[in-house]
Each structure stands twice: as C-alpha cells, then as structure tokens.
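**Student:** Output the structure for:
(chains A and B)
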Amino acid sequence: MAFGAVLLAADTGLNFDWGFLSQSVFRPSQVFLHGLARTVYISVLAQVIGTVGGLVIEIARRSRWGPVRWLGSTYVWLVRGTPLLVQLVIVYNGLAALNLYRFSDVSIGPVVVLGVVQAAVLTLAANEAAYMAEIIRAALDAIDVGQSEAATALGMTPAKTMRFVLLPQAARIVVPPLGNEFNLMMKSTSLLSVIGLQEMFLTAQAINSATFKTFEIFLTVAIYYLLLTTVWAVVQGWIERRFAGPVARVPSPSMRERLFMVAAR
Amino acid sequence: MSAAPVLLEARDVVKRFGGRPVLDGVSLRVARGETVVIIGPSGSGKTTFLRCLNHLERIDSGAVLLDGTSVGYREGRRGPVEQSPREIALTRRRIGFVFQRFNLFPHLSALDNVAVAPRRVLGLPQPEAEARARQLLARVGLADKEASRPAQLSGGQQQRVAIARALAMRPEVMLFDEPTSALDPEMVAEVIEVMRELVDEGMTMVVVTHEMGFARAAADRIVMMEDGRILEEGPAAAMISAPKHDRTRRFLTQITH
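**Tutor:** Coordinates of the predicted model:
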C-alpha cells in the first residue's frame, strides 16, 4: 500500500479515501462477496470441465480415424483462433439473437443456476478445452516412445496403454501448465462482465457507479484477484509435491521462489 | 533343425524405411523350446527383424506366424490387411518382449510393473496378479525390491524386473532385443543368468545379443545377419568354431576379442 500513498501524495489534489479502501478490503459488502464467490466457482467448474474436454479432444486428435482427428484439430484451430470475449458474446447473445438457443435459468434442487452462468461456464470450459488439449498433447509427446512400446508389447490395447501407462505419467507433466491455466482462468472471469454476469469485476463496476471511488474499489478488486491467485499458487505447490513421487529430481519451487523468483539452486 | 514343431516362423519378411529396404526377405523357423541367437553388425536389421516378430513394426511383405496364425495381419480381398489393434494385442499377449533400454513404467513400483499386465490385460483380480508378480520377482532374485520404483534400481535390476514383467503374461515365446547392451559390465552376468535359467526351463527364445558366452552355452542355433538378410545360420557350436563365411568369422573376432 506504500506505492498507493506515494502515487496519491496530498499535493496531487486527488483525495484517496483510505477509509473506503480498508472498508472494502476488510469488510466487503454482501454483493461483493457474492461476486467473488461466483468468480471462484465459475473458474473451478470451467477448469474441471475444460480439462476433461481437453483430454477428450486430444484423444480424438490421436484417433485411428481421419475424420475424428480432423474434428479435434479443427476445434482447437477455431477456438484458439478467436478471442474469448468474442466467443462469450456469440454464445450468450449471438445464439439468442439468431433464435437458435436461449440460455434460461435452471433449478437443480434448491439451487437456481442462472442462464448467464450456464453460458459463462460453457464458454470458458469450451475455450479452456482447446488450450488443455495442447498442454496434454505436449505432455504425451514428452513421454519416451519406449513406454507405449512396452505397454503394447505386453498386449495392452491403445486405450489401456493410454489409461494405465501414458496418462499417469502425463498427469505429472501437466500440473505446472495446468496451474498456469487456472491462474489465467480466474482472471478471465472478469470478461464475463460483458454478458452481464455479476462476478467480482461487474460488481465492482456497480459499486463504482454508485460511489465514484474508482481507484479504491478497483484496487480492492486487484487485491482480491491477487489473493485468489496466491491461494492457488499454494494449492498448486501442494499438488505438485503430492504428484512428484520419487521420480522427480527437480524440486517444485517454494512459495518464496514462486513469488520472488529467487531460485535456491 | 530339431524335430520339435515350429512355434514361430518368419516367411520372407521385407521391411522398408522410406523406400530403403532394411529387411530384404528374412525367413526363420523357431521350434518350440528352441533358443535362437541373432548376431550381426549394427544396421544389419536384427533389431528391426525382432520387432517385426511381435508387430512392433509393420512389414511390407512376407508373413510372421505364431503357431501357424498370422501376427498382425489377416487375409483381405487384395492381399493381407493389418488387424485391428485389439486383435493384434491378443496375439502379443503370447509373445514376451524385453527391450534394450528396459522401458519399465517409472510411475509404478517393481511389483506393479510386473502385475499391471496380468491385472489390466488378462483381468486377473489384484491379489492374484500381485501373487504372480511376487513369485516372478523372487524368480529373478528381486523379492526384496517389490516396493522400489525403477529409478531406485540399478540397470541390471531394472532389466530383471523387465524380464519378470514379460514373463507375467506367461508368453509362449520370449524376444530379447540386446538385453545387456545398455548395462554396465558388472551387471551383465546377473541378467544373463536369469536368461539361462529360462533356457533351462524350456522357454522358446529369440535373442539379439553379442554375448557370445551366452550364445555358446545356451543357444541351439546362431543366425548371422548382414544388410537385411540372413548371411548364414547353424548350430551354436559350429557357428562359433567354424563359420562358413569369412564375414561371420571376422565379425566374431571383432566382438569376442
């Protein structure tokens, strides 16, 4: 917060409301917390679905059948070739405008899932799947060809080779870039404001138009995103250590190394 | 040749890599219980030939037969057609393969390396698959290493686990691709000993190796390959002491000096 103080020295004529900042950081409103919660659960859902989707796409791209490979490759080409922002608007507004499909609220037991939330999770997951397919491809390619030959020679079918030999080894390689993806995912949810989803960013905009405390409220938003990504970095480190097993020779970076890039080697 | 029935047969196998023939009509008949050692200079096609025997490599013409049934191909309307991966996998269960570089699964313990195929391919219940794996690890002298990961084992130990892993499928024939070439000299003996025990138990084996000690003591026949062809073959003792071809004699001098 020191840099904020320097930036907004008294003689600039701006008045920075420290009280408002600490209020919104330490005692956030219900609305804001609700937006934060949405940011978190939409990210988690989209990442989980996107990871499974990415695996399916990558398996399709390795199919024996040409048309299946073509479908997988074309999907990745289309999705990686267009901006997420555009995809969001096409899926939520475009499909409705064309009268093709309109996302409507669905009740699952006591929970009402808003149409806009469905569109958000679907689009983020569909987008993520293309990137995860690329990450999984790189991980599978990194495994020595002797591994699939050994499995094949034992009489494993391609499916069993994938499941019992290649995927367990690929999973370890995938974790660090997957962590990167989830970090990006949490920040990408701010784009959902364009389809009117009240996540953290749009909530902040609403607070801003009511209070005009632009700097204070978006600084709060930045702090909360930083908090989310930091918590995730800790979780990721834990996952990497769990996955490493005795094969790992390079230790996962510690929290200090991760934050300040101080390598202890 | 012995009078025992032929178990594994290669008929005029041709294999090209990018137009260049690496196998130029190789035929070999291996009787049940027989041990055949394949020698030859590097690039002579001996490893490729071994890999064709369990369809790790496709062949361009000819045939490989295991007990009379084609390995990897079925008759189509216009000549042989490759079988589906599932069908080929069924045949491969019957053929054990040991790699030069071991290729153990690094994410699994020694026990699981041996148990994974009986469990996942044959569908044995886990206790049964593990019992089989324990028995085989004991047989290759590694009963105390069942919990170790491959990275924690020496090269010789890894290769012995790899042999146990192949045996766990109870194959009818075992193929060895230079099983001791990637090993430090002091570890060669422990692997050779395991292989000799297999010979004594009557396993049918095709071994690509330059270990002439093993060939002399355990092989029934030696096959000399050069330039994608079989240059000559004969009973082990005769091939070592009195090869017909000068090329074979020179090669034997080079590898045994």
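
**Student:** Okay, now the unreliable bits of the chain?
**Tutor:** Reading this off chain A. A:1-14, A:244-265 (pLDDT under 70).

**Student:** ah, no, chain B please
**Tutor:** Residue ranges of chain B with pLDDT under 70: B:1-3, B:257.

**Student:** what does it have sitting close to chain A?
**Tutor:** Contact residues (CB under 8 Å from any CB of the partner chain) of chain B with chain A: B:54, B:56, B:85-86, B:89-90, B:92-93, B:95-97, B:99, B:101, B:103-107, B:116-117, B:120-121, B:149, B:151-152, B:162, B:165-166, B:169. Where C-beta positions appear, they are placed from N, C-alpha and C, glycine not excepted.

**Student:** Now list the buried members of those.
**Tutor:** B:54, B:56, B:85, B:89, B:92-93, B:95-97, B:99, B:101, B:103-107, B:116-117, B:120-121, B:149, B:162, B:165-166, B:169 (16 or more other CB atoms under 10 Å in any protein chain shown).

**Student:** Can you pull up the residues of the stretch 51-200 of chain A that come close to chain B?
**Tutor:** Checking the stretch 51-200 of chain A against chain B by CB under 8 Å from any CB, the hits are A:64, A:144, A:146-147, A:149-158, A:160, A:164-165, A:168-169, A:172.

**Student:** and if we set it to 10 Å?
**Tutor:** A:64, A:143-161, A:163-169, A:171-172 (CB under 10 Å from any CB of the partner chain).

**Student:** Of the buried ones among the residues of chain B next to chain A, which belong to strands?
**Tutor:** Counting by DSSP state E, the part of those found in strands is B:95-97.

**Student:** nearest to chain A, of those?
**Tutor:** Of all these, chain A sits closest to B:F97, with 3.8 Å by CB to the nearest CB.

**Student:** How about that closest one: which residues does it bridge to?
**Tutor:** Beta bridges link B:F97 to B:L175, judged by DSSP bridges.

**Student:** Can you tell me the SS state at the nearest residue to A:V174 once chain neighbours are set aside?
**Tutor:** Leaving out its chain neighbours, the residue that sits closest to A:V174 by CB to CB, 6 or more residues apart in numbering or on different chains is A:A139, at 4.8 Å. Following DSSP: H, G, I helix; E, B strand; the rest coil, we place A:A139 in the helix state.

**Student:** do A:V112 as well
**Tutor:** State at A:V112, reduced to three classes by three-state DSSP: strand.

**Student:** these two touch, right, it and A:V106?
**Tutor:** Yes: in this structure, A:V112 is within contact of A:V106 by CB atoms under 10 Å, at 7.4 Å.

**Student:** Disregarding residues adjacent in the polypeptide, which is nearest to B:P125?
**Tutor:** Among residues not flanking B:P125 along the chain, B:R119 sits closest, at 8.0 Å (CB to CB, 6+ apart).

**Student:** Tell me how many other residues crowd the one you found.
**Tutor:** For B:R119, the count of nearby residues is 20 (other CB atoms under 10 Å in any protein chain shown).

**Student:** Now do the helices in the chain.
**Tutor:** By default, I'm working from chain A. Secondary structure of chain A (DSSP state H): helices at A:2-7, A:18-26, A:30-61, A:66-80, A:84-89, A:95-97, A:115-142, A:145-153, A:158-160, A:167-188, A:200-211, A:214-244, A:255-260.

**Student:** oops, I was thinking of chain B
**Tutor:** Counting by DSSP H, chain B has helices at residues B:46-53, B:85-92, B:110-120, B:126-139, B:155-167, B:185-200, B:212-218, B:236-241, B:246-256.

**Student:** hmm, who's touching the fourth one?
**Tutor:** Translated: helix B:126-139. B:109-125, B:142-146, B:160-161, B:163-170, B:194, B:197-198, B:201 (CB atoms under 10 Å, 6 or more residues apart in numbering or on different chains).

**Student:** let's see 8 Å
**Tutor:** B:110-112, B:114-116, B:118-119, B:122, B:124, B:143, B:145-146, B:161, B:164, B:167-168, B:197 (CB atoms under 8 Å, 6 or more residues apart in numbering or on different chains).

**Student:** I appreciate the help and will end here.
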